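Student: I would like the atomic coordinates for the input below:
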Amino acid sequence: MRYADVVRMRPGLWSNASLLVVAALLTGCSTLPSSGPTAAQINGALKNNNQTGFTIVDIDAASAQQLAFAPPPVGGLAALDRPGRIDTLGPGDVLDINVYEVGVTLFTGPNDSSAQGGRFNPSARSTALSNVVVDSAGDIQLPYVGKVNVLGKTTAEVQNLIERGLRGLSQRPQALVSVKDNAFNVFYVSGDVRAPGRMPLRMPRERLLDALARAGGTVNQPDDMIVRLTRDGVSAETRLSAVDASGAQNIQLLPGDRVELFNRPRTFLVFGASEKVSQVAFGADRLSMAEALARIGGPSDRLADPSAVYLFRYVTPTADRPEEKPIIYRLNMVRPDSYFLSQRIGMHDKDVIYIAGASSNAPGKLAGILGQLFSPILAVRAVAQ
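Tutor: The predicted structure is shown next:
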């Protein structure tokens, strides 16, 4: 049969054919395209196909209290805090040493008395020993004194050792030791900072935020940054936004500390009857469920069932529950109090928000399919007339 013959079919036959097509499609409404399960299908999966062992919890006043914003963790970087010193010498340090003598000097010979009319000149003369390097064993080598171990000692203690070694060889020797190049009392900053590198520790004691400020700060938003500190082979990390200037996380740095900043944005995922399936960044230190729903435009007026908004989350293990537990939290946005409750619920990194589609959408989808099927034929028929 030609296409024109179909267009010229009798109205009665056309109506009968249409009814048959509509009846066939109505029987297949359950197989129409969908963005995900309906609320009834989720409830059915809880009993019949629950392979992960998830549970469904309705969000009410009690459960919202449990889901409220958690205080910042007590551990993290604070667990690495310990006392230590930054004024001792170690391998790689470069020292400047000045030795002061009076009378007959060991390093510069007899004190010239001619300028004093043959009288004894009591003024002291100094000898500079520059660029003295502390070797890998923590030793330095000095004339007339020999090997001196300076590892773990302060400059004042090294001065006493040098003076003790010169006694009996020089008149009232005194030494002055200073650090020209600090290679031992240093920390390292790397990652997403403006000026990474090795930096000397200074007096007074520097803290973590001081070190990051010397490195020029981060190149990204602090809410997305992770700061990791490695000390003596042990690492700990936390979000940069959780490090308060007067808090326990802002620990004092020690020699050899390594500070690393890297970008790890917190995001949540959106599926179901929203305007767009997407991955959305927090963009803030804290984000409530109400704010998260607002960022995605809320449930779609055309597609969604507002009484079936779900939050999918793996609950963190505890001492009495060693394994992560999947829980689905259900929010009924038809109830006015749900808007208050959703403001108290804190979002976690990689949470999933799913908005169930309305079961009443099936007739609308069916009408759309019928329109796509018959609109070309009706258009040709109108032109033919």
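Student: what ranges do the strands span in the stretch 101-250 of the chain?
Tutor: With DSSP state E, counting those that start in this stretch as the criterion, the stretch 101-250 of the chain has strands at 125-133, 139-142, 146-149, 174-181, 186-191, 197-200, 225-231, 234-239.
Student: just checking, what packs against the last one?
Tutor: Helices and strands in packing contact with strand 234-239 are listed as strand 225-231; criterion 3 or more Cβ pairs under 8 Å, 6 or more residues apart in numbering; DSSP states H and E. Any C-beta I mention is one placed from the backbone N, CA and C, and that applies to glycine too.
Student: list the helices and strands the strand it packs on packs on?
Tutor: The contact analysis (3+ Cβ pairs under 8 Å, 6+ apart) places strand 225-231 against helix 208-214, strand 234-239, strand 258-263.
Student: again, 7 Å this time
Tutor: Secondary-structure packing of strand 225-231 (3 or more Cβ pairs under 7 Å, 6 or more residues apart in numbering; DSSP states H and E): strand 234-239, strand 258-263.
Student: Tell me which of the ones you listed is the most buried.
Tutor: Across the helices and strands packed on strand 225-231, averaging neighbours per residue (mean count of other Cβ atoms under 10 Å) puts strand 258-263 on top, at a mean of 18.
Student: Where does the prediction get shaky in the chain?
Tutor: 1-35, 71-75, 104, 108-123, 318-322, 360-385 (pLDDT under 70).
Student: isn't there a strand covering residue 268?
Tutor: Yes. Residue 268 forms part of a strand when assessed by DSSP: H, G, I helix; E, B strand; the rest coil.
Student: now the residue nearest to it when sequence neighbours are not counted: how far from residue 272?
Tutor: In space, and not counting its chain neighbours, residue 268 is closest to residue 351: 4.5 Å by Cβ to Cβ, 6 or more residues apart in numbering. Using Cβ to Cβ, to the nearest Å, we find residue 351 at a distance of 14 Å from residue 272.
Student: ok, now residue 70?
Tutor: 26 Å.
Student: The residue nearest to residue 268 is in contact with residue 314, isn't it?
Tutor: No. When contacts are counted by Cβ atoms under 7 Å, residue 351 is not listed as touching residue 314 (9.2 Å).
Student: more neighbours, those two?
Tutor: When residue 351 is set against residue 314 and neighbours are counted by other Cβ atoms under 10 Å, the residue ahead is residue 351, at 21 against 16.
Student: so who does the more buried one touch?
Tutor: Residue 351 is in contact with 268, 311, 313, counting by Cβ atoms under 7 Å, 6 or more residues apart in numbering.
Student: In a helix, the last one, correct?
Tutor: No. The secondary structure assignment for residue 313 gives strand rather than a helix, going by three-state DSSP.
Student: need the contact list for it.
Tutor: For residue 313, the residues meeting the contact criterion (Cβ under 7 Å, 6+ apart) are 327, 329, 348, 351.
Student: Can you name the residues bridging to it?
Tutor: Judged by DSSP bridges, the bridge partners of residue 313 are residue 327.
Student: cool, the first one as well?
Tutor: Residue 268 has these beta-bridge partners by DSSP bridges: residue 280.
Student: Which residue is the nearest non-sequential neighbour of the residue most central in space within the chain?
Tutor: For the chain, the residue nearest the mean C-alpha position is residue 226 (2.8 Å; Cα atoms, centre = their mean). Using Cβ to Cβ, 6+ apart and skipping the chain neighbours, the partner closest in space to residue 226 is residue 264 (4.7 Å).
Student: how far away is the closest residue to residue 209 other than its chain neighbours from residue 344?
Tutor: The shortest distance from residue 209 to any non-neighbouring residue, by Cβ to Cβ, 6+ apart, is to residue 250 (5.3 Å). Relative to residue 344, residue 250 is positioned 29 Å away (criterion: Cβ to Cβ).
Student: Please parse the protein into its domains.
Tutor: 3-33+363-384, 39-69+286-358, 76-84+186-263, 94-181 (automatic domain parsing).
Student: Make a markdown table out of those domains and add distance to residue 277.
Tutor: Written out in a markdown table, the entries for these read as follows (distance: least, Cβ to Cβ, whole Å):
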| stretch | distance to residue 277 |
| --- | --- |
| domain 3-33+363-384 | 14 |
| domain 39-69+286-358 | 10 |
| domain 76-84+186-263 | 22 |
| domain 94-181 | 57 |
